[in-house]
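Peer 1: got a predicted structure plus its sequence, pasted below:
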Amino acid sequence: LTVPYGWSGTITPAKAQFVFTPDAASFTNVQNDIGFVFWGDYQYGGGDGTQADPYQLWTADDLYELSVMNHDWDKHFILMNDIDLSEPNAPQPDGPIGDMSACFRGSFNGNHHTIAHLTISSSIEDVGLFGFVWPAGEPGSLNCFIKNLGLIDPTIALTSPSSAACAGALAGNVRSYGDN
């Protein structure tokens with residue numbers, strides 16, 4: 001956001017399910033053009049992302065936001081509804097959840113629900129609904145898991161395969177400590 005020279009007023013960003021920091025910004029007679037950034041955190045369908053109160057995913061929009069909010073990939077999630085990505089206006093995930101630079105280290109409880117018609121097409125090495133999963137914490141940690149999730153008719157495409165590429169419908173690459 002650029003605030004132009006001479007401008008005065010208050011800017012209050014708004015987008016459904018986002019909480020912005022700061023929640024508003026006021027300017028009076030700006031002396032030089034300045035850049036200003038609002039940070040937005042998606043609120044999902046409920047929860048706070050902890051193990052005791054995982055973020056709730058109710059819609060295709062919630063799943064899409066999880067795919068782009070890599071700073072949430074160490075949080076805990078629970079699927080609250082079957083999601084059909086073939087429905088009109090249902091956004092597909094923007095890529096795998098987790099990659100080599102930001103692994104998925106949280107938990108995802110499918111809660112015995114399904115995600116139907118998932119399409120992931122990516123040029124990164126690890127492709128699936130989850131790209132790269134690696135548990136956080138000490139060896140033996142049980143905080144990182146994906147469970148109780150069904151996928152119906154998924155399409156996974158690796159657009160630039162290399163000899164190190166891994167692909168799977170649920171996860172492209174899963175690392176673990178010891179026996180986990």
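Peer 2: Happy to help now that I have it.
Peer 1: can you get me a residue count around the spatially closest residue to residue 130 that is not a sequence neighbour?
Peer 2: Of all residues not flanking residue 130 in the chain, residue 171 sits nearest, at 4.2 Å (C-beta to C-beta, 6 or more residues apart in numbering). Yep, even glycine has a C-beta here, placed from its N, CA and C like the rest. Using other C-beta atoms under 10 Å, residue 171 has 21 neighbouring residues.
Peer 1: contacting residues for residue 171?
Peer 2: Residues counted as contacts of residue 171 (C-beta atoms under 8 Å, 6 or more residues apart in numbering) are 126, 128-131, 133, 146.
Peer 1: what is the nearest of those residues to residue 166?
Peer 2: residue 126 (5.0 Å; C-beta to C-beta).
Peer 1: ok, the closest one touching residue 166?
Peer 2: Yes - contact criterion C-beta atoms under 8 Å: residue 126 and residue 166 qualify, at 5.0 Å.
Peer 1: so these two - more neighbours on which side?
Peer 2: Per other C-beta under 10 Å, whichever of residue 126 and residue 166 has more neighbours is residue 126, with 24 against 15.
Peer 1: quick one, what contacts that one?
Peer 2: 96, 98-100, 132, 165-167, 171-173.
Peer 1: helix or strand right after the lowest-mean-pLDDT helix or strand in the chain?
Peer 2: For the chain, the helix or strand with the lowest mean confidence is strand 39-42, at a mean of 63 (criterion: mean pLDDT, DSSP states H and E). Going down the chain from strand 39-42, the next helix or strand is strand 55-57, by DSSP states H and E.
Peer 1: residues in contact with that next one?
Peer 2: Contacts to strand 55-57, defined as C-beta under 8 Å, 6+ apart, come from residues 44-49, 62-63, 66, 72, 75-81, 83.
Peer 1: pull the contacting residues for residue 158.
Peer 2: 122-123, 127, 165, 167 are the contacts of residue 158 under C-beta under 8 Å, 6+ apart.
Peer 1: for residue 85, see how far away it is.
Peer 2: Residue 158 is 19 Å from residue 85, where distance means C-beta to C-beta, to the nearest Å.
Peer 1: and residue 121, by the same measure?
Peer 2: Distance, residue 121 to residue 85, by C-beta to C-beta: 13 Å.
Peer 1: the closest residue to residue 57 other than its chain neighbours: neighbour count?
Peer 2: Excluding the flanking residues, the one nearest residue 57 by C-beta to C-beta, 6+ apart is residue 79, at 5.1 Å. Look at residue 79: counted by other C-beta under 10 Å, it has 24 neighbours.
Peer 1: right, and residue 79 touches residue 110 too?
Peer 2: Yes - if you go by C-beta under 8 Å, residue 79 and residue 110 touch, sitting 4.9 Å apart.
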